[in-house]
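> sequence first, then the predicted structure, then my questions.
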Amino acid sequence: MIEDLKGAEAWRIFRIISEFTEGIDKLSTLDFAITIFGSARLKPGDAHYDTALSISRKLADEKFSIITGGGPGVMEAANRGAIEGHSRSVGLNIALPEEQQANPYQNVSLRFRYFFVRKVMFIKESMGYVCMPGGFGTLDEFFEALTLMQTHKIYPLPLVLFGTEFWQGLLDWVNTTLLKEGLISPEDLDLITLTDDVDEVIDIMLKHRDWKRQQIKLTPHESAGA
């Protein structure tokens, strides 16, 4: 019995490796991609759905690829905006006990069994995050990205919270509790942008892309001189 359990655990490693391998292979041709997170429960016509669609469409018009979790709601809106803007529309779908229904607006679609593999793909392939209103999953993805930047495990990337009315209460708690008690540093909050302006989101991502392009140009020269 114990040997059977050990064997099952060993095979699980191969499933994990296969998910990493497929994800890296399929996403290796992405250029500059923005991940948009948000609730799966919102419907077309909801203000947050429509805003996500607008943000995604404008980013697609600027030749950004769009990455989402592949499901309905805000994710559908973001993938739809990418398709309407003739850009790469990536869905990183997840297998759940209550089956997630993949939205139809994906021209690159992956399905993951393991949340942690999927999270690595989000971080690895994105040069910016837009967090629309959402539930526990959105909060998890927001704080994961924030923690990785705070601990210098990844380079800083734009981390935008869209919707002041939705997000302000959380940020107030962060300021009045975490910061007040010295559990975070004031500069940690500089990693977050809160906005209600769609055009500000686009401007933030364009400026960061320009910066990244400059870094790419500089890297070969720096390496040659090392």
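On my side now, so go ahead.
> thought Thr195 was touching Glu165?
No - here Thr195 lies out of contact with Glu165, judged by C-beta atoms under 8 Å, at a distance of 12.0 Å. C-beta coordinates here come from the backbone N, C-alpha and C atoms, glycine included.
> look at those two and report which has more neighbours.
Each of Thr195 and Glu165 has its neighbours counted (other C-beta atoms under 10 Å); Thr195 has more, 17 against 8.
> so that one bridges to which residues?
When assigned by DSSP bridges, Thr195 has beta-bridge partners Phe162.
> so who does it touch?
By C-beta atoms under 8 Å, 6 or more residues apart in numbering, Thr195 lies in contact with Val160, Leu161, Phe162, Thr164, Val201.
> all strands for this structure, in order.
With strands called from DSSP state E, the chain shows them at 33-37, 65-68, 89-94, 108-112, 128-131, 159-162, 192-195.
> okay, the angle between the longest helix along the chain and strand 33-37?
Under DSSP state H, the helix in the chain containing the largest number of residues is helix 198-225. Here helix 198-225 runs at an angle of 140 degrees relative to strand 33-37 (axes from the mean of the first three to the mean of the last three C-alpha atoms, to 10 degrees).
> quick check, central residue of this protein?
The centroid of the chain falls nearest to Thr35 when counting by C-alpha atoms, centre = their mean (3.6 Å).
> pLDDT value on it, please?
On the pLDDT scale, Thr35 is placed at 98.
> quick check: bridge partners of it?
With DSSP bridges as the rule, Thr35 is bridged to Ile67, Tyr129.
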